[in-house]
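In: Model the following, please.
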Amino acid sequence: MRTFRLTALVALATMLITAGPPNAASAGGKPHDRAGYLRVGYFTQWGIYDRAYTVGKLDTSGAASQLTHVNYAFGNVSEDGRCYVDGGPGEGDAWADYQRPVPAEESVDGVADAWGEPLNGNFGQLAKLKAKHPDLKVLISLGGWSWSTYFSNAARTDASRKAFVASCIDLYLKGNLPILDGGSGGPGAAAGVFDGIDLDWEWPNWPGEPGNVIRPEDRENFTKLLAEFRRQLDAYGRQTRKHYQLTAFLPANPATMDAGFEGRKIFRYLDFATVQGYDFHGGWDPVTNQQSALRVPAGAPDDPDFSAEVAIDGWIARGAPRGKLVLGIPYYGRGWTGVTGGGNGLFQPATGPAPATFEAGYEDYRRLKTLTGAGYTLHRDPRGGHAWLFDGTTFWTYDDPAVVEQKMRYVRRAGLAGAMIWSLDGDDDNATLTRTIGLGLAGR
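Out: Numbers count the residues shown, from 1 in each chain. Coordinates of the predicted model:
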């Protein structure tokens, strides 16, 4: 049954992708010529709680077999510019990372953790997942929206960059974790878990979360920070006879690209970069809109507007090699309520973000998929490459399997490196979206 449904989605997406015109990324683009496409999924540290999404579910759902990379979100950066793990409120969750004894029913190998083992929690499970899926790479992602506060301090001088990079390699690659109550952690406890580092600085020389340190020199210092990471990662790799990967998460906003990043230069040091393909609009806007359309929809109220195509074309225009760009795919939707104006709900006034399970205006795909037929009507824009749900009052914009498949055909036609997922815990128990990405990039 699942095979039939995915095959039908491929046929639908074939029609959808051909509905749009060529663009700077796809016109004349050559197919990706490496052995396979990158399929990068972010696993959230906190997903084990309310969402009950454990590392074990990556295996039992079939998601792990579809992925090339798991990015663990997130590692923190201290005010004095160091990588660190701290269980303090708002500063980290060492319990989830490597202290929590994982019970047998959640464990990748079916074996329960004992209290006080050097490597429990998510880190221990990631080690077991890699043992079961030996081609899978796991990267520690540093920063994120909430923890980019002090990146600027870490990147500010040659000395600060050297110290910051050394601290990250020591903590995550050498695995020298702080010893916690009960005994978890210690020298080398997490050695071998992580295969590289992902930088998620949101954003250099551009406002992110209120309170972030921002400096005009962030733009140049980001490039210098990548160079220092590449230098130290390669030096450590010569000792261990391994290549440690270096990646970065990049914005969709062209203004942010120009303010914070030196275009072509940064790709000298990156194995690849993931590009924001979502959060183009949300409940903060006064009218409903798309949050992750492939192309800017006809009739969009904002000109210029954001889209996946705009983001990718923006990076290519700034010198990014298309074969190092990975398009971000959301496993959640953005929603509005109090929608007036009738019609299908798109581009209509709203009173605010829609009620949702964990955060107003934000809902996981696994929940949104249940709304079709429950008072909501599913709408599509074949040219724009986006879908939405509307019940006359509440509006949700999200990616369903047909939209995801359409985007995978865009990735292939544009010669991009692959797809990225934010975040894996938004998928259903059958990993429907992740399997769709795998199927779409396989070209079947």
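In: and the longest helix anywhere in the chain, what other elements does it pack with?
Out: The longest helix of the chain (DSSP state H) is helix 218-240. Applying 3 or more CB pairs under 8 Å, 6 or more residues apart in numbering; DSSP states H and E, we find helix 218-240 packed against helix 151-155, helix 158-168, strand 196-200, strand 245-250, helix 254-260, helix 263-266. Heads up, the C-betas are built off the backbone N, CA and C, glycines and all.
In: what does the helix or strand that the last one is followed by contact?
Out: Taking DSSP states H and E as the definition, the helix or strand that follows helix 263-266 towards the C-terminus is strand 272-275. Outside strand 272-275, the residues that touch it by CB atoms under 8 Å, 6 or more residues apart in numbering are 38, 40, 198, 247-252, 266-267, 311-312, 315, 320, 324-328, 417-418, 420.
In: now swap in stretch 215-231 and tell me
Out: 151-152, 154-156, 158, 161-162, 164-165, 168, 197, 199, 201, 204-205, 246, 248, 259-262, 265-266, 268-270.
In: pLDDT averaged over that stretch, what's the number?
Out: The average pLDDT within stretch 215-231 is 98.
In: Return the set of buried residues in it.
Out: 218-219, 221-230 (16 or more other CB atoms under 10 Å).
In: can you dump the C-alpha coordinates of that stretch into CSV?
Out: What follows is stretch 215-231 as a C-alpha-only set of coordinates in CSV (Å, rounded to 0.1, in the frame of the first residue of the first chain):
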residue,chain,number,x,y,z
ARG,A,215,29.6,43.1,15.0
PRO,A,216,30.2,44.5,11.4
GLU,A,217,33.4,42.4,11.2
ASP,A,218,31.4,39.2,11.7
ARG,A,219,31.2,38.8,7.9
GLU,A,220,35.0,38.4,7.5
ASN,A,221,35.4,36.6,10.8
PHE,A,222,32.9,33.9,9.8
THR,A,223,35.2,33.0,6.8
LYS,A,224,38.3,33.1,9.1
LEU,A,225,36.5,30.9,11.6
LEU,A,226,35.7,28.3,8.9
ALA,A,227,39.4,28.4,7.8
GLU,A,228,40.5,27.7,11.4
PHE,A,229,38.0,24.9,11.7
ARG,A,230,39.2,23.4,8.5
ARG,A,231,42.9,23.7,9.6
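In: Now do it: distance to the chain's middle.
Out: 22 Å (CA atoms, centre = their mean, to the nearest Å).
In: got the angle for the longest helix of the chain vs strand 245-250?
Out: With axes from the mean of the first three to the mean of the last three CA atoms, to 10 degrees as the basis, helix 218-240 and strand 245-250 are set at 160 degrees to each other.
In: the inter-axis angle of helix 218-240 versus strand 196-200?
Out: Using the same axes, to 10 degrees: helix 218-240 against strand 196-200 is 170 degrees.
In: Output the below-cut-off pLDDT ranges for the stretch 251-400 of the chain.
Out: Scanning the stretch 251-400 of the chain for pLDDT under 70 picks out nothing.
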